Every structure is written in C-alpha cells, then in structure tokens.
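Novice: what's the 3D shape of this:
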Amino acid sequence: MNLEMVMQELEALGKERSKKMYMSNGAHEPLFGVATGAMKPIVKKIKINQPLAEELYATGNYDAMYFAGIIADPKAMTESDYDRWMDAAYFYMISDFVVAITLSESDIAQEVADKWIASDEELRISAGWSCYCWLLGNRKDVEFSESKIFNMLEMVKNMIHHSPERAKSSMNNFVYTVGISYLPLHEKAVETAKAIGIVEVKRDEKKSSFLNAYETIQKGVDQGRIGFKRKHVRC
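Specialist: Just a heads-up that it's a prediction; the model follows:
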C-alpha cells in the first residue's frame, strides 16, 4: 500500500464522534477521527514499513501520524529522527502516545528520553517521562539501573509541583509505573507518592485534573498487579 491508499482507507474509517474527542484533547485539522482499534486491519496488510511511516507522519494529519507510529521500525530510527518527530508533535497524544511509544521499542530509548527530560520544552519533557513509563511497563527490571530510577523518583518528588502541566501528568504516571512495574523500588515509589500527595494539572478551557499516584498504586496492589509487564507496547 502507498501513501494515497492508506490515507483513503483512514478517511473512510473516520468518525465524527472520535474526531470531536481528539480535538477536545488538542488535535486540530487535518484529521479524520479514526478509532485506534479500527486501524488494525490496515496494519496487518502493511506490518512494518519505515519509509511509508515517514510519509504518513509528514502529512501532519493526526490519524496518519498515529498510524505511522504503529508501522514504524523503531530500531531503524536515529536520535535525529526521533527529534524530528518530536518537533512535529504538536500535542500530548502525539508526543506521549506516538513518539514516546515508538522510542520505547528502540535501543536508544533511555539515552534519548534522558535528553528530553532535561530539556525545557513541555512536550519533550512529557514524552521523556512517558517513554520511561512504557519501558518500565514492558522490559525486565534488570534492564534498568536501580540507582538511576531511584534518582528519577527523587527528581519527581522535588520538581513535579513546579513543572509544566503536561509534564506533571507524565511524572505522576512515572511514579505510579515504578510502583507497579519495577519491583526493586516499589516501596520507594510508594514513599515518593505519599510525599508528592495530590498533583493538580491545569488544562485549557477545562477543569483541572487532580492526580494521586499513591491511591493508584494501592489500587494496583489490591488488584494483584504488582510486577505487571505488558507483552507489547504498540498496538
């Protein structure tokens, strides 16, 4: 399938309800409003195709950009490729759920995510923390430096309430993910979540969200989810 064929299929799958939902979260035209599950039959036809993924991502169409993340070859992408994708990620559903997820399946994930976390751009910071959430929720605990994750928890504790709004959400998710999916620092994550308390995330033209990582971790404990790892990160 080529670019034109994929765009035609995506357009045919668009729903006004999904389009409105995406736009309420920050998406803007062009987009069709395709439910992510509806993309799976097209994915089966194409599988992995990095050149096509690049063409789709470059359209600026939200649905095409999302689909690009599903068919991309993460290990074929360089740091500059990921930076270029981040440059075009104009809201969090692209930065955190397309770029960060794709990065999390690469061999340079931690290296790139560390640089994004240290940046001064809200969506890059958010994507960096989100990438670690996807990593910790999928990869074996031995693939991470315990001291590094410990220091990252300390960073969240000290910085979360003064960070950009979208970054607050991703940092809170990081604490929760460590508490659920990274057994060596479960207790440290619980302690950090208690210290952080409730995190207010302000949103444009919407009511603030109030996040509580401690309660979320406890729900995971109650449900027997401690040590949970996803088999797959992408769809």
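Novice: at the geometric centre of this protein, which residue do we find?
Specialist: Taking C-alpha atoms, centre = their mean, the centroid of the chain lies closest to Asp96, which sits 2.9 Å from it.
Novice: give the contact list for that residue.
Specialist: The neighbours of Asp96, taking C-beta atoms under 8 Å, 6 or more residues apart in numbering as the test, are Ser126, Ala127, Ser130, Arg166, Ser170. (Each C-beta comes from the backbone N, C-alpha and C, glycine too.)
Novice: sec struct for the closest residue to the last one other than its chain neighbours, please.
Specialist: When you say that, I think you mean Ser170. Leaving aside its chain neighbours, Ser170 sits nearest to Trp129 (3.8 Å; criterion: C-beta to C-beta, 6 or more residues apart in numbering). At Trp129, secondary structure determined by DSSP: H, G, I helix; E, B strand; the rest coil is helix.
Novice: returning to what we had before: redo the contacts of Asp96 as TSV? Include distance to Lys20, neighbour count and pLDDT.
Specialist: Shown next, in TSV, are the contacts of Asp96 (distance: C-beta to C-beta, whole Å; neighbours: other C-beta atoms under 10 Å; pLDDT from 0 to 100):
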residue	distance to Lys20	neighbour count	pLDDT
Ser126	23	27	98
Ala127	25	32	98
Ser130	24	30	98
Arg166	21	22	95
Ser170	25	29	98
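Novice: and which of the residues you listed is nearest Leu3?
Specialist: Distances from Leu3 to the contacts of Asp96, taken as C-beta to C-beta, are shortest for Ala127 (25.2 Å).
Novice: give the contact list for the closest one.
Specialist: Residues in contact with Ala127 (C-beta under 8 Å, 6+ apart) are Met86, Ala89, Ser95, Asp96, Val99, Ala100, Leu103, Ala113, Trp116, Ser170.
Novice: for the second one, give its distance to Asn158.
Specialist: The span separating Ala89 from Asn158 equals 27 Å under the rule C-beta to C-beta, to the nearest Å.
Novice: kindly list the longest helix within the protein.
Specialist: As assigned by DSSP state H, the longest helix anywhere in the chain is helix 165-181.
Novice: quick one: low-confidence ranges for this protein?
Specialist: Low-confidence segments of the chain (pLDDT under 70): 235.
Novice: show me the strands in it, by range?
Specialist: Remark: strands assigned in the chain by DSSP state E are 199-203, 206-211.
Novice: same question for the longest one: list its buried residues.
Specialist: So the one you mean is strand 206-211. Leu211 (16 or more other C-beta atoms under 10 Å).
Novice: other SSEs contacting that strand?
Specialist: Secondary-structure packing of strand 206-211 (3 or more C-beta pairs under 8 Å, 6 or more residues apart in numbering; DSSP states H and E): helix 165-181, strand 199-203.
Novice: wait, Ile117 sits on Ser126?
Specialist: No - applying C-beta atoms under 8 Å as the test, Ile117 and Ser126 come out as separate, 9.3 Å apart.
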